[in-house]
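K.L.:
Provided below are the primary sequence and the corresponding predicted coordinates.
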Amino acid sequence: MEIYSTEEQQVDAIKQFWKDYGTSVVIGAVVGLGSLYGWNTYSDHKIAQQELASEAYQQIGTLGADVAAVETAAANFKKDYSQAGYQAMLDLVVAKTAVDAGDLVKAASVLEQVAKAKPGANLDMVANIRLARIQAEMGELDKALATLDLVTVDAFAAQRDELKGDFLLRKGEANSAREAYQAAVDKGGISTSPGLQMKLDNLNQA
């Protein structure tokens with residue numbers, strides 16, 4: 001089942017941000033901590049931890065579709081490192097691996113944890129969108145729509161509204177689905193989802 005689309009690109013962008021700027025972010029966060037000695041000791045430790053976390057994250061990414069191995073590695077990472085961003089991205093990997101293995105309940109549980117943790121970098125928005133897809137796949141359309149209401153960042157608005165349209169249409173609520181699709185179009189959704197206009201046109205012709 002393919003439940004990931006545009007948000008996969010958004011996660012890739014977040015990964016690239018951490019790779020390019022993670023060390024700089026850490027350094028900037030500790031600039032005002034005090035003495036030169038304290039600054040050097042603290043920043044060196046943080047940079048080392050950041051680099052080790054990055055390496056560990058990359059290694060976990062090579063585990064493939066082994067759900068148990070990925071889940072165990074992610075749990076060990078959480079014990080060894082205090083890196084909320086990497087941890088959230090690993091949890092997204094765990095959820096995707098579970099989906100690929102057909103364990104939607106497990107995937108939903110992991111995504112709920114990511115969303116509640118609010119790890120920053122809009123990863124909670126990605127988690128909620130993926131969670132809504134899974135809930136809809138399990139036939140929980142009302143719950144999926146409620147989850148989409150938690151997606152409040154403008155960058156995800158078009159994708160959210162298109163999914164709302166999909167779920168409302170599956171519920172037989174054509175008029176509400178049409179409004180959701182139109183909202184997605186108005187927010188520029190066609191640029192990332194060319195099929196959106198066709199969905200709207202089909203409802204307008206009905």
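P.N.:
Received, thanks. Keep in mind it's a predicted model, so treat the numbers as computed, not measured.
K.L.:
could I get the average pLDDT for the strand or helix carrying residue 160?
P.N.:
Assessed by DSSP states H and E, residue 160 sits inside helix 157-170. Throughout helix 157-170, pLDDT has a mean value of 95.
K.L.:
what does that helix rub up against?
P.N.:
Applying CB atoms under 8 Å, 6 or more residues apart in numbering, the contact partners of helix 157-170 are 5-7, 129, 132-133, 136, 141, 144-145, 148, 151, 174, 176-178, 180-181, 183-185, 187-189, 192-193, 196, 199-200, 203. (Glycine included, C-beta is placed from N, CA and C.)
K.L.:
pLDDT on the following helix or strand past that helix, on average?
P.N.:
Sequence order places helix 174-186 as the next helix or strand after helix 157-170, per DSSP H and E. The average of the pLDDT scores along helix 174-186 is 95.
K.L.:
okay, buried residues for helix 174-186 please.
P.N.:
Buried positions in helix 174-186, judged by neighbour count with 16 or more other CB atoms under 10 Å: 176-185.
K.L.:
next, the angle helix 157-170 makes with it.
P.N.:
160 degrees (axes from the mean of the first three to the mean of the last three CA atoms, to 10 degrees).
K.L.:
how about the helix or strand just after helix 174-186: buried residues?
P.N.:
Of the helices and strands lying after helix 174-186 in sequence (DSSP H and E), the nearest is helix 195-205. For helix 195-205, a neighbour-count test (16+ other CB under 10 Å) marks 196, 199-200, 203 as buried.
K.L.:
contacts for helix 195-205?
P.N.:
Identification of contacts with helix 195-205 by CB under 8 Å, 6+ apart yields 162, 165-166, 169, 174, 177-178, 181-182, 184-185, 189-190.
K.L.:
let's see 6 Å
P.N.:
By CB atoms under 6 Å, 6 or more residues apart in numbering, the residues outside helix 195-205 that reach it are 162, 174, 178, 181, 184, 189-190.
K.L.:
ok, the spatially closest residue to residue 183 that is not a sequence neighbour to residue 168 distance?
P.N.:
Sequence neighbours aside, residue 161 is the residue nearest to residue 183 in space, at 4.3 Å (criterion: CB to CB, 6 or more residues apart in numbering). Separation of residue 161 from residue 168 (CB to CB, to the nearest Å): 10 Å.
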